[in-house]
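> Pasting the sequence and the predicted coordinates here, then a few questions.
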Protein chains: 2
Amino acid sequence: MKRAVVLLSGGLDSTTTFAVAKADGYAVYALSVDYGQRHRVELDRAAAVARALEAVEHRTVKLDLRAIGGSALTADTAVPKDRGADEMSHGIPVTYVPARNTILLGVALGYAETIDAADLFIGANVLDYSGYPDCRPEFLNAFENLANLATKAGVDGTRFTVHAPLLKLTKAEIIALGLGLGVDYGLTLSCYDPDPTGRPCGRCDSCVLRRKGFEQAGVPDPAGN
Amino acid sequence: MKRAVVLLSGGLDSTTTFAVAKADGYAVYALSVDYGQRHRVELDRAAAVARALEAVEHRTVKLDLRAIGGSALTADTAVPKDRGADEMSHGIPVTYVPARNTILLGVALGYAETIDAADLFIGANVLDYSGYPDCRPEFLNAFENLANLATKAGVDGTRFTVHAPLLKLTKAEIIALGLGLGVDYGLTLSCYDPDPTGRPCGRCDSCVLRRKGFEQAGVPDPAGN
C-alpha cells in the first residue's frame, strides 16, 4: 500500500483531503503542526479526525511561528469579522501567515522522507478564497519541483508528488465530496477565532465561507456553525 | 539600508555568510532554528556571533524536528566518525536532516515577509561537501522561484533573492574570506557531536572538514578544534 503524508489541521478542507487520499488507496500518515495558531484547539479536532479516518499514524510537530509573528493567527492582531464576499476577494487578508504553506509542506516533505512516502496531500483551495498566495496552483507546482531537488529523491529515484485534490472545488463541492466519502464534519473546526472550548465565532472569514458552503450544499453543518 | 535575513547556526559557514551580508551593506536580521539538533549548544554560539557582528536582531524559532527524526542529528543514531574524504564524497550522510534547508529557508522567508526584507542569506556550500541534496545550486534556484510565488511578493512587487555567497568556495577559501572581514572564528562551533560544554569531538565529518580547511588556509583554528 502506497504511503501518503496528509497535512491535517482539523478543518473541513484538510479532513476532506484525508478522505480523498484514503479513497485513492493510500495508507495515510497524518501530520499536524502546532505553530502557535490562535485557534490551537483545532489540533484536538485533528486528532479526532485522524482516529475516525484511521490514520496509520498522526504526528504533531511544534513550530513556534509566534517568534516571527506577522499574522492575525500568530500575533496579537484582531481577526476580521463579518466580511462580505467582496471584501474577501481583494488583497491578502491579515490571517495570511507568512510562508506558512512553504513551511508546512517542508515539514511534510521531511516526514515523507523518513517514512519512504512519495505523496504529499494538502487541502489548498483557490476558488472560494484566493487571497492566500501559497494556495495557488503555481505555488504548488513550484513546491513539487523543489521537493525533487531538496531531498534524497535525486539519488534514489523517488519522485515526489504534491496532491491538492480540492484545489478548484467550491466549498459546497468539497462538502458534497466529503459526505460522499463518509466524512463526519461534526468533528471538524474551521474557525480562526474560536472560544477556548472550540466553539466557532461564526463571523470570521473561515466561518462565513463554511456556512455559505453548507447552505449551497443544501445540508446542515453537523458542527452547528 | 536594505534588510537581509541571515540563517545563522553558529557554525563557520553561516558566520562567514553573515559577515559577507554585512560587508555587502545589509542590515542583518539573524535567524536561528532550534530544531532539536544534537549539537544544540551551537545556538549559544549563534547568539554570541549575532552580538559580535551586530545583528539588528536575532530570533530563534523552535521547531521540533525530533518529532519526525530520520537523521543522526535529530534521532538517536550515531554520528559517523573519522571518515576520509573518499567516504564523505559518496552518498548522502546520515547527518542529512530530511528537508532541513527547505524548512529553514521557509521560516527565513516568513521572517523576511514580516520585516519587509527581500534578501535571504544561507551558508550552503557544495565543493567541500556535496552529500546534502539541499545545498545544491539547483535547489537554491528552485527555492528562490518558490519564494516569489509563495508570498505577498506577487502582489506588492517584492522580489526575493536567495544568496549563497559560499556556494562554490572551499573551506580554506571561506576561512580566508571571513578572516579578511574580521570574523572571530573562536566564537563558532562546527561539530555535530560536541560534549555538553560545546567542546568539539574532532572526529565527525564537520570537524574533519573544518580542520582540513584551517590547515589549507595556513592559520590556526582559534576554537582549538
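Arrived safely, thanks for sending. Keep in mind that this is a model prediction, so the values were computed, not measured. Numbering: from 1, shown residues only, chains lettered A, B, ... in the order given.

> If I take the helix or strand that contains residue A:144 and helix B:137-150, what angle do their directions form?
Element membership for residue A:144 (DSSP states H and E) is helix A:137-150. Helix A:137-150 runs at 160 degrees relative to helix B:137-150, counting by axes from the mean of the first three to the mean of the last three CA atoms, to 10 degrees.

> I'd like to know how far the closest residue to residue A:105 other than its chain neighbours sits from residue B:33.
Take residue A:105 and drop its neighbours on the chain: the residue closest to it by CB to CB, 6 or more residues apart in numbering or on different chains is residue A:143, 5.2 Å away. In short, each C-beta sits where N, CA and C put it, glycine included. Distance, residue A:143 to residue B:33, using CB to CB, to the nearest Å: 19 Å.

> what does residue A:8 give?
23 Å.

> repeat for residue A:108
Distance from residue A:108 to residue B:33, by CB to CB: 17 Å.

> swap in residue A:80?
Taken as CB to CB, the span from residue A:80 to residue B:33 is 31 Å.

> likewise residue A:27?
30 Å.

> Helix, strand, or coil at residue A:31?
strand (DSSP: H, G, I helix; E, B strand; the rest coil).

> That one: how many residues sit nearby?
29 (other CB atoms under 10 Å in any protein chain shown).

> Please name the bridge partners of it.
Applying DSSP bridges to residue A:31 gives these bridge partners: residue A:7, residue A:59.

> residues in contact with it?
By CB atoms under 8 Å, 6 or more residues apart in numbering or on different chains, the contact list for residue A:31 reads A:5, A:6, A:7, A:8, A:58, A:59, A:60, A:61, A:107, A:108, A:111.

> In terms of neighbours, single out the busier of residue A:80 and residue B:33.
residue B:33 (25 against 17).

> how much space is there between that one and residue B:44?
14 Å.

> What part of chain A, helix or strand, is modelled with the least confidence?
helix A:153-156 (a mean of 70; mean pLDDT, DSSP states H and E).

> Now do residue A:67, the pLDDT please.
Per-residue confidence (pLDDT) for residue A:67: 87.

> ok, it - how many residues close by?
The local packing of residue A:67 (other CB under 10 Å) involves 19 other residues.

> Please apply the same query to the one 4 residues further on.
By the other CB under 10 Å criterion, the neighbourhood of residue A:71 contains 25 residues.

> Give me the nearest residue to it, chain neighbours excluded.
residue A:97 (4.2 Å).

> Quick check: pLDDT value at the one you found.
82.

> these two touch, right, it and residue A:70?
Yes. The pair residue A:97 / residue A:70 is scored as a contact, 7.3 Å apart, by CB atoms under 8 Å.

> which stretches of chain A have low pLDDT?
Applying pLDDT under 70 to chain A flags the ranges A:128-130, A:154-155, A:225.

> how about the helices in it?
A:12-23, A:42-52, A:85-88, A:100-115, A:137-150, A:153-156, A:171-180, A:205-217 (DSSP state H).

> any idea of the angle the fourth one forms with helix B:100-115?
Calculated by the same axes, to 10 degrees, helix A:100-115 forms an angle of 170 degrees with helix B:100-115.

> repeat for the first one
When the same axes, to 10 degrees is applied, the directions of helix A:12-23 and helix B:100-115 differ by 160 degrees.

> residues in contact with helix A:12-23?
For helix A:12-23, using CB under 8 Å, 6+ apart, the contacting residues are A:4, A:6-8, A:28, A:30, A:46, A:49-50, A:53-55, A:119, A:121-125, A:163-166, A:171, A:174-175, A:177-178, A:181-183, A:185, A:187-188, A:190, A:210, A:213.

> which among those residues end up buried?
Among the contacts of helix A:12-23, those buried by neighbour count (16 or more other CB atoms under 10 Å in any protein chain shown) are A:4, A:6-8, A:28, A:30, A:46, A:49-50, A:53, A:55, A:119, A:121-125, A:163-166, A:171, A:174-175, A:177-178, A:183, A:185, A:187-188, A:190, A:210, A:213.

> Dump stretch A:21-34 to PDB, restricted to CA.
Taking C-alpha atoms only, stretch A:21-34 is exported to PDB below (Å, rounded to 0.1, in the frame of the first residue of the first chain):
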ATOM      1  CA  ALA A  21      -6.200  10.200  -0.100                       C
ATOM      2  CA  LYS A  22      -7.700   7.200   1.700                       C
ATOM      3  CA  ALA A  23     -10.300   6.600  -1.000                       C
ATOM      4  CA  ASP A  24      -7.400   6.800  -3.500                       C
ATOM      5  CA  GLY A  25      -5.900   3.800  -1.800                       C
ATOM      6  CA  TYR A  26      -3.100   5.500   0.300                       C
ATOM      7  CA  ALA A  27      -2.000   4.500   3.700                       C
ATOM      8  CA  VAL A  28      -2.300   7.900   5.400                       C
ATOM      9  CA  TYR A  29       0.300   9.300   7.700                       C
ATOM     10  CA  ALA A  30      -1.300  12.500   9.100                       C
ATOM     11  CA  LEU A  31       0.800  15.500  10.100                       C
ATOM     12  CA  SER A  32      -0.400  18.400  12.100                       C
ATOM     13  CA  VAL A  33       1.700  21.400  13.000                       C
ATOM     14  CA  ASP A  34       1.300  23.300  16.300                       C
END
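
> buried stuff in that stretch?
A:21, A:22, A:26, A:27, A:28, A:29, A:30, A:31, A:32, A:33, A:34.

> Looking at the residues you listed, which is nearest residue A:219?
residue A:22 (21.2 Å; CB to CB).

> separation between that closest one and residue A:11?
17 Å.

> mind checking how far residue A:70 is from chain B?
3 Å (CB to the nearest CB, to the nearest Å).

> give me the number of residues near that residue?
Residue A:70 has 21 neighbours, counted by other CB under 10 Å.

> thought it was touching residue A:100?
No. Using CB under 8 Å, residue A:70 makes no contact with residue A:100, being 10.0 Å away.

> Give me the common contacts of those two.
Common neighbours of residue A:70 and residue A:100 (CB under 8 Å, 6+ apart) are residue B:110.

> what residues are up against residue A:160?
Counting by CB under 8 Å, 6+ apart, residue A:160 makes contact with A:109, A:112, A:118, A:119, A:120, A:144, A:147, A:148, A:151, A:153.
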